[in-house]
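J.: coords please:
(chains A and B)
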Amino acid sequence: MTGRQKSIKRDILLGAIVLLALLGLGLFAYIRAYSLDAADTAFDRVLAAAALSIADNVRVEDGHLTVELPIASLEILGASRETRAFYAVRAPDHSLITGYPDLPDATPAQDRKPRFFDATYSNDAVRIGSVQRYIDFGEKSGWISVTVAETREARTQLASVILRNSLTPMAVAGLIMCFLISTGLNRAWAPLVALENELVHRAPTNLNPIQTSVPKEVNSLVSSLNLFMQRFEGALSSLRRISVDTTHEMRTPLASIRALTEVAASESDPGVLRGYLQRIHANAVVATRIVNQLLAEAAVAHHIETTANPNCDLLELYLQAVERLPTSRMQRCRLAHLSAADDLLVRGSPLVFRELIDNLLDNALNYAPEGFIDVGLRIADGTMIELDVADRGPGIPDSEKGRVLERFRRGAASENVAGTGLGLNIVRNAANAAGGHLALLDRPGGGLIARVILPRATS
Amino acid sequence: MKHSLERMAGGHVVLAALLLVLGAWSSQGRAEQSKSTHELKIFKTPAAPAAKLLINGTADIASMGPVIEGFQKHHPDVEVDYRLYETVPLYENGTSQEPSADLLISSAMDLQVKLANDGHVQPASIIAARGLPDWAAWRDRVFGFTLEPAVIAYNADAVPPNDVPRSHRDLIRLLEQAPEKFRGKIATYDIGVSGVGYLFATTESMLSANFWRLTHALGTVKTQLFCCTQDMIDSVIRGDSVIAYDVLGSYALRRMEEHPNLKVVVPEDYVIVVARTIVIPSRAQHPDLAQTFIEYALSEAGQAIVADSFGLSVGGLGIDRDQMKARYVTEKPGLINAPPLGLSVLTYLDSIKREQFVRTWRQIVSP
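T.: Numbers count the residues shown, from 1 in each chain, chains lettered A, B, ... in the order given. Below is the predicted model of the structure:
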């Protein structure tokens, strides 16, 4: 795999990591803000408690405001042993009663609700809590203010603990997610790798279905592969069979020709020599027929396996087939029945149908050497097209009707006819390939009707 | 075996150990002690000094000297200038804007905490301070290095053995039964003047229900008030006073060697213990050197000298820290009381609170 090539695995992993990182950053910012807020909320309550406890101890003594600082007030702030604390208690006229005179105060508000704000004091960032309390002592009555401040060490510490404790499981979860995605991708890829291994390691001639067991997600791929290989294997084996058959069938006429030419070479009598020549010619005719039919079969087989199927007009194909016949034969063919409909369309390769019609006609003309061949073309049930080729030949007894459709099998009546036994087989194969079938029927009054029934194509 | 004995004896074992150590210390010879304040002692170096460390402290030179000399053994090129202060002036010195000493050593730990809280102290990273108990260190700024028990000193010539107060309760009973006999003969700190005296008093007022009764008893006998432990001890030795209450154990024990009539009692009901603390002021000239000194004072070698010189180190009783902690915390919590080294001491330093406490106390003690 080159660096430039697209990798789904890398893309998904990269995407997931980027997404998780963005998510992590967002969460970090959110939790950080939250933790600072939470720490402030928690410690602000303590600050308020300290201020309130001091405020509650402010009293008037001999006409003066005074305060007895509760020990707990500052002790609760010092519980963390980290923070520094400052306080100031101010009279209604803002004069200091006790504490740190320069400690910032909240803007005066006349209620007991604690107020909090941030400030800098004693060179440190501090959080200040302030409470007010109304105190009544004649003319000087008013709101006294108690301000308590603490440095932020304990808050920062709590916030960072919250942050750490919330982020740690998230970071672990993120790592686990990356790991899961990575292993998931590997798992998903594993069947393809196994498939690749099987294909790479199998013998070049092995076109058997793939045996590796795969998850159902990859089943359709394997099925397609298997189907493809099956079709390929089919095409290959029929071609192979045809070439074997060709050599086998050609042996006899070629051997005869060879023997006859050898005998003829030493023959001086012109009459006898002419007889040899006639026999040589007959054998050559047989050989030619065999080659032609095998080629036709090969072509049909090849087209069945490989070609897309257009619509073909059966009548036109029939007329073309008749035109290709020698004149003497052409004149013996007549169109006896023709359906009223003008679209006798079938779906399939034109070549296949041509071979089908050629072989039907050829067969009929050969086995019934005299008289007309009656051809019928009609629509049956609206969805099928019947092509009948009827002759007045010897016919085929019922016992042989199945057999003659096999390759190189010929009926008992064919002994005197030159043929290969391929014709009806080609017709049947072609009919099957187009979704139809071939039926051999006895013709009333003697002879054979070869009926090809094909599904009608819609135009 | 030893363990079970300690269990049976309860808190008295700690007390016994305290007495034992104090007794052992008292048998050793000690140099003359100085009592005048702001006295300067320069600990010179054999050669020209490479650096100079300025220490302001409330501990007398006789106690502090051995510690400084021990430090100089490890750092022979450092000259140390030690200036003697009282606790309150030392605190004020710490808050002033002028360039200050490199180290402030005080027995008034509350004032030291206030210095640190108010931002007059700089942090120090002291390895030896790790694991110090809460009452011996605050944040990375205040470090306790001695233990100072508040004891009762008396003149053996003037107080018959049966009358010797063994506890605070004994002292109250003694004074209440014969106020005339002790009139003007009792000495204690003037807590309005002495920082450590105020610390003792506030700690006791929180600890003991009998504190104000004792104060009242001190008032009935017209107790004399002193600024410092040395003056109280001198008064007892002269016979002007017969009992001095709440004196620092280390001074009293030192003086016992030369003055056989001087005796010391560690109270049996409770003992207030303060740690002498050491801080580095923000405006210290040589903070690194100061840090080295604290590291030394808390080191094993330094603590051995401190234990010898002050009677008790924070390391304590010549045994290791964990063992001491276990004794203090588990055996008899409450017997030995150290004021917490933390923000709570600030409440008693609040000007109004302090003024009220001192006023009330004075009204009772010297009406």
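
J.: check which helices and strands the helix or strand hosting residue A:218 sits against.
T.: Following DSSP states H and E, one finds residue A:218 within helix A:216-265. Judged by 3 or more Cβ pairs under 8 Å, 6 or more residues apart in numbering or on different chains; DSSP states H and E, helix A:216-265 is in contact with helix A:153-201, helix A:270-306. For every residue, glycine as well, the C-beta is placed using N, CA and C.

J.: which of the ones you listed is buried the deepest?
T.: Comparing the helices and strands packed on helix A:216-265 by mean neighbour count (mean count of other Cβ atoms under 10 Å in any protein chain shown), helix A:270-306 ranks first with a mean of 16.

J.: identify each buried residue in the following helix or strand past that helix, please.
T.: Counting by DSSP H and E, the next helix or strand C-terminal to helix A:270-306 is strand A:311-313. Within strand A:311-313, the residues that count as buried by 16 or more other Cβ atoms under 10 Å in any protein chain shown are A:312, A:313.

J.: gap between whatever residue of chain A ends up closest to chain B and residue B:87?
T.: Residue of chain A nearest chain B, by Cβ to the nearest Cβ: residue A:78 (2.9 Å). From residue A:78 across to residue B:87, the span is 21 Å (Cβ to Cβ, to the nearest Å).

J.: before we move on, the earlier item: per-residue confidence averaged over the helix holding residue A:218?
T.: For helix A:216-265, mean pLDDT rounds to 85.

J.: contact residues of chain B facing chain A?
T.: Contact residues (Cβ under 8 Å from any Cβ of the partner chain) of chain B with chain A: B:116-119, B:134, B:138-139, B:206, B:340, B:342-344, B:346-348, B:350-353, B:356.

J.: could you rerun that using 6 Å?
T.: Counting by Cβ under 6 Å from any Cβ of the partner chain, the residues of chain B close to chain A are B:117, B:119, B:342, B:343, B:344, B:346, B:347, B:350, B:351, B:352, B:353.

J.: point me to the helix or strand that includes the fourth one.
T.: By that I understand residue B:343. In this assignment (DSSP H and E), residue B:343 forms part of neither any helix nor any strand.

J.: could you report the neighbour count for it?
T.: Using other Cβ atoms under 10 Å in any protein chain shown, residue B:343 has 26 neighbouring residues.

J.: for it, what are phi and psi?
T.: Main-chain torsions, residue B:343, degrees, to the nearest 10: phi -60, psi -20.

J.: all the strands of chain B, in order from the start?
T.: All strands of chain B, identified by DSSP state E, fall at B:40-43, B:51-57, B:78-84, B:103-106, B:137-138, B:142-155, B:186-189, B:224-226, B:243-248, B:262-265, B:271-279, B:336-337.

J.: spit out the contact partners of residue B:103.
T.: By Cβ atoms under 6 Å, 6 or more residues apart in numbering or on different chains, the contact set of residue B:103 is B:55, B:278, B:290.

J.: selection in ChimeraX covering whichever of the residues you listed are buried, please.
T.: In ChimeraX, this line selects whichever of these come out buried by 16+ other Cβ under 10 Å:
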select /B:55,278,290
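
J.: closest to chain A out of the contacts of residue B:103?
T.: Nearest to chain A, judged by Cβ to the nearest Cβ, of the contacts of residue B:103 is residue B:278 at 18.0 Å.

J.: can you read off the pLDDT for that closest one?
T.: Reported pLDDT for residue B:278: 95.

J.: for residue B:195, give me its contacts.
T.: Residues near residue B:195 by Cβ under 6 Å, 6+ apart: B:87, B:88, B:108, B:111.

J.: burial of the third one, as a residue count?
T.: This means residue B:108. Counted with other Cβ under 10 Å, residue B:108 comes out at 27.

J.: over to the second one?
T.: Other residues lying near residue B:88 total 19 when counted by other Cβ under 10 Å.

J.: and the gap between it and chain A?
T.: To chain A, residue B:88 is 18 Å away according to Cβ to the nearest Cβ, to the nearest Å.

J.: pLDDT score for that residue?
T.: For residue B:88, the predicted pLDDT is 86.

J.: which residue packs closest to it, ignoring adjacent ones?
T.: Once flanking residues are discounted, residue B:88 sits nearest to residue B:195: 5.1 Å by Cβ to Cβ, 6 or more residues apart in numbering or on different chains.

J.: before we move on, what about residue A:198?
T.: According to Cβ to Cβ, 6+ apart, the nearest residue to residue A:198 is residue A:212 (5.0 Å).

J.: burial check on the one you found, number of neighbours?
T.: Residues near residue A:212, counting by other Cβ under 10 Å, number 12.

J.: now residue A:42. Nearest residue, chain neighbours left out?
T.: Leaving aside its sequence neighbours, residue A:42 sits nearest to residue A:158 (Cβ to Cβ, 6+ apart; 6.7 Å).

J.: wait, isn't the one you found in contact with residue A:38?
T.: No. Using Cβ atoms under 6 Å, residue A:158 is not in contact with residue A:38, being 7.7 Å away.

J.: whichever residue of the stretch 251-367 of chain B sits closest to chain A: what's it in contact with?
T.: For the stretch 251-367 of chain B, the residue closest to chain A is residue B:343, as judged by Cβ to the nearest Cβ, at 2.9 Å. With contacts defined as Cβ under 6 Å, 6+ apart, residue B:343 is in contact with A:74, A:77, A:78, A:85.

J.: okay, residue B:101 and chain A: tell me how far apart.
T.: Using Cβ to the nearest Cβ, one gets 21 Å for the distance from residue B:101 to chain A.

J.: my guess is that residue contacts residue B:53, does it?
T.: No. If you go by Cβ under 6 Å, residue B:101 and residue B:53 don't touch, sitting 8.7 Å apart.

J.: chain B contacts on the stretch 1-150 of chain A?
T.: Taking Cβ under 6 Å from any Cβ as the contact definition, the stretch 1-150 of chain A meets chain B at A:66-67, A:69, A:71, A:74-75, A:77-78, A:84-85, A:98, A:122-123.

J.: mind checking which of these are buried?
T.: Looks like the residues of the stretch 1-150 of chain A next to chain B have A:66, A:67, A:69, A:71, A:74, A:75, A:77, A:78, A:84, A:85, A:98, A:122 buried, using 16+ other Cβ under 10 Å.

J.: any idea what residue A:335 is bridged to?
T.: Beta-bridge partners for residue A:335, by DSSP bridges, are residue A:375.

J.: need the pLDDT of it.
T.: 84.

J.: how many neighbouring residues does it have?
T.: 13.

J.: surely it meets residue A:374?
T.: No. Using Cβ under 6 Å, residue A:335 is not in contact with residue A:374; the gap is 8.2 Å.

J.: quick one, phi psi at the residue sitting furthest away from the middle of chain A?
T.: Distance from the C-alpha centroid of chain A peaks at residue A:62, with 94.3 Å (Cα atoms, centre = their mean). Backbone torsions of residue A:62, given as degrees, to the nearest 10, read phi 50, psi 40.

J.: measure the closest residue to residue B:193 other than its chain neighbours to residue B:272 for me?
T.: Spatially, and ignoring its direct neighbours in sequence, residue B:193 is nearest to residue B:227 (4.9 Å; Cβ to Cβ, 6+ apart). To residue B:272, residue B:227 is 19 Å away according to Cβ to Cβ.

J.: now residue A:170
T.: Applying Cβ to Cβ, the value for residue A:170 to residue B:272 is 51 Å.

J.: same check, this time on residue A:164
T.: For residue A:164, the distance to residue B:272 - Cβ to Cβ - is 41 Å.

J.: picking up where we left off before, go ahead and confirm the residue nearest to residue A:198 touches residue A:196.
T.: No. In this structure, residue A:212 is not within contact of residue A:196 by Cβ under 6 Å, at 10.0 Å.
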